[in-house]
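Colleague: Sequence first, predicted coordinates after that:
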Amino acid sequence: MTDLAIAASGLRKSYGDKTVLDGVDLAVPAGSIFALLGPNGAGKTTAVKILSTLIAPDPASGPIVVGGHDLATDPQAVRGAIGVTGQFSAVDGLITGEENMLLMADLHHLSKAEGRRVAAELLERFDLVEAAKKPASTYSGGMKRRLDIAMTLVGDPRIIFLDEPTTGLDPRSRHTMWQIIRRLVADGVTVFLTTQYLEEADELADRIAVLNDGKIAAEGTADELKRMIPGGHVRLRFTDPDAYRTAALALGEATADDDALALQIASDGSQRELRSILDWLDASGVQADELTVHTPDLDDVFFALTSSSAKPQEALR
Ligand SMILES: Nc1ncnc2c1ncn2[C@@H]1O[C@H](COP(=O)(O)OP(=O)(O)OP(=O)(O)O)[C@@H](O)[C@H]1O
């Protein structure tokens, strides 16, 4: 059996009569990146808060084991094994980055010399040496997140919870954060990540669980999830309206988009299917100006699995 860093079954949490988590099972192998993906308000932060002992699950919840420790009977040991960063950042803006690090070292009862050594090493690793003597309130969003993770690492946790680590960051800072996360895992740390960004889960996670309406709607690798739903198609676009009409008439089963002069044909994108579409175009004597192949991506999975009927792209970017 694989060594699990986090194992929870039947995780439940309600606020009054609002059920936020309705029997969630989680199994996160040690040394992997696990992404809990879900729309706003799905309960991702609630799950992180429970797993990191910040709030208690409902009494009807099943057992939760984090870092080999039972969360109900030994929360102190769980706290010793984990680090948490995210929406409830520990960074104090009034003091410098270095002072934040030293404070963390004190909290972990490191000696003065050891604290200084660890702080200097982490500030260097997270590219914060130049900013170390400046108040953290002057840091950019990306620098604050880096400081937050650096502070978490002072305690050398084996499991790190990252609650929406890149929300609000620009693309460059987001990529830097992804590199940091990959490096953590390369060093043997387990990362439990929540995100609203499909691309982020696809990019980083070994396994992804999609949380919707308090339940896990699907779980697997990005590829497994993509295989679960249809959505692959070939799109033919025309500039000549006559060619478009001829093609639309002859290709009955295609979905027509009259405004864009485009036809969409369900397809798995295989060479065989592409060849038959090209053969058919040749035989009909029509010339498509553009042919694109769309294989299902996590967007398709997400929209197929979550209840929102429209594609709320704004909410996801
Ligand atoms: N202390 C609380 N009291 C009442 N309701 C709460 C409380 N904390 C969270 N909720 C509700 O629980 C639901 C899930 O919240 P949660 O913050 O876990 O979602 P999320 O998936 O992290 O969303 P987001 O991506 O917006 O951060 C929301 O509807 C929220 O309003």
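Modeller: It's in.
Colleague: would you list every one of the helices in the stretch 201-317 of the chain?
Modeller: With DSSP state H, counting those that start in this stretch applied, the stretch 201-317 of the chain shows helices at 222-228, 241-250, 271-284, 298-305, 313-316, listed in chain order.
Colleague: This structure against the ligand: which residues are in contact?
Modeller: Proximity of the chain to the ligand, by Cβ under 6 Å from any ligand atom, involves residues 15, 20, 38, 40-46, 196. Every C-beta, even on glycine, is put in place using the N, C-alpha and C of the backbone.
Colleague: now, which of those sits nearest A72?
Modeller: Nearest to A72 among the residues of the chain next to the ligand is T46, at 17.0 Å by Cβ to Cβ.
Colleague: Report the spatially nearest residue to the closest one, omitting neighbours in sequence.
Modeller: Taking Cβ to Cβ, 6 or more residues apart in numbering as the measure, T46 lies nearest to V20, with 5.0 Å between them; neighbours along the chain are not counted.
Colleague: which helices and strands sit right next to the host helix or strand of the one you found?
Modeller: Under the criterion DSSP states H and E, the helix or strand holding V20 is strand 18-29. Using 3 or more Cβ pairs under 8 Å, 6 or more residues apart in numbering; DSSP states H and E as the contact definition, the elements that strand 18-29 packs against are strand 4-15, strand 33-37, helix 44-51, strand 190-195, strand 207-212, strand 215-220.
Colleague: Show me how far the fourth one is from its chain's centre.
Modeller: The reference is to strand 190-195. 7 Å (Cα atoms, centre = their mean, to the nearest Å).
Colleague: what angle do that strand and strand 18-29 make?
Modeller: Counting by axes from the mean of the first three to the mean of the last three Cα atoms, to 10 degrees, strand 190-195 points 140 degrees away from the direction of strand 18-29.
Colleague: Could you do the fifth one as well?
Modeller: Relative orientation of strand 207-212 with respect to strand 18-29: 170 degrees, computed using the same axes, to 10 degrees.
Colleague: any residues touching strand 207-212, and which ones?
Modeller: In this structure, residues lying in contact with strand 207-212 by Cβ atoms under 8 Å, 6 or more residues apart in numbering are 24, 26, 28-29, 32-39, 42-44, 47, 201-202, 216-222, 225, 298, 301-302, 305-307.
Colleague: Using ChimeraX, define a selection of the buried residues within these.
Modeller: What follows is the ChimeraX syntax for the buried subset of these, where burial is set by 16 or more other Cβ atoms under 10 Å:
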select :24,26,28,29,32,33,34,35,36,37,38,39,42,43,44,47,201,202,216,217,218,219,222,225,298,301,302,305,306
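Colleague: Figure out the length between the terminal residues of stretch 251-259.
Modeller: Here the two ends of stretch 251-259 are set 17 Å apart, with distance taken as Cα to Cα, to the nearest Å.
Colleague: what is the rounded mean pLDDT of that stretch?
Modeller: For stretch 251-259, the mean pLDDT works out to 85.
Colleague: Show me what counts as buried in it.
Modeller: For stretch 251-259, the neighbour count (16+ other Cβ under 10 Å) marks 251, 254, 256 as buried.
Colleague: That concludes my questions; thank you for your assistance.
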